[in-house]
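Novice: Here is a sequence with its predicted model. Questions after.
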Amino acid sequence: MKSITITAKVKLYPTSEQMIILNKTLSVIRDVLNFVSAFVFGQEGIRYLELNHALYYPVRQQFGLRSQMTQSVFKTVLAKYKSMKSNGHPF
């Protein structure tokens, strides 16, 4: 069976209360990205599974992130470092 992927662009119109919650969430995500990035920076060549084992529970406890967001942060940081390395930037 052939699968089809549909992508849709939507525009959100959050209330002022929802904007406060969204901004708090983005602030926490930024802090977690920096935390994970600092860890990865000192460990060139670290793989996703190693990162997950080392930081999954500490990130969830310290920052209160849900599982999916935590996994997304790990993947984002590793992808950024991989991209930088392939573009010739030093690790």
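Specialist: Sure, I can see it.
Novice: ok, now which ones touch the residue positioned nearest the centre of the chain?
Specialist: The structure's the chain has its C-alpha centroid closest to Val73; by C-alpha atoms, centre = their mean the separation is 1.6 Å. When contacts are counted by C-beta atoms under 8 Å, 6 or more residues apart in numbering, Val73 is found next to 29, 32-33, 36, 59, 65. For glycine as for every other residue, the C-beta is placed from the backbone atoms N, C-alpha and C.
Novice: 10 Å - rerun?
Specialist: Val73 sits next to 29-30, 32-33, 35-37, 51, 55, 59, 63, 65 when contact means C-beta atoms under 10 Å, 6 or more residues apart in numbering.
Novice: got it, and Gly64?
Specialist: Taking C-beta under 10 Å, 6+ apart as the criterion, Gly64 is in contact with 28, 32.
Novice: Low-confidence regions, this structure specifically.
Specialist: Low-confidence segments of the chain, defined by pLDDT under 70, span residues 90-91.
Novice: again, only this time at 50
Specialist: Screening the chain residue by residue with the criterion pLDDT under 50, one finds no matching range.
Novice: Helices of the protein, start to end?
Specialist: Counting by DSSP state H, the chain has these helices, from start to end: 16-41, 48-63, 67-86.
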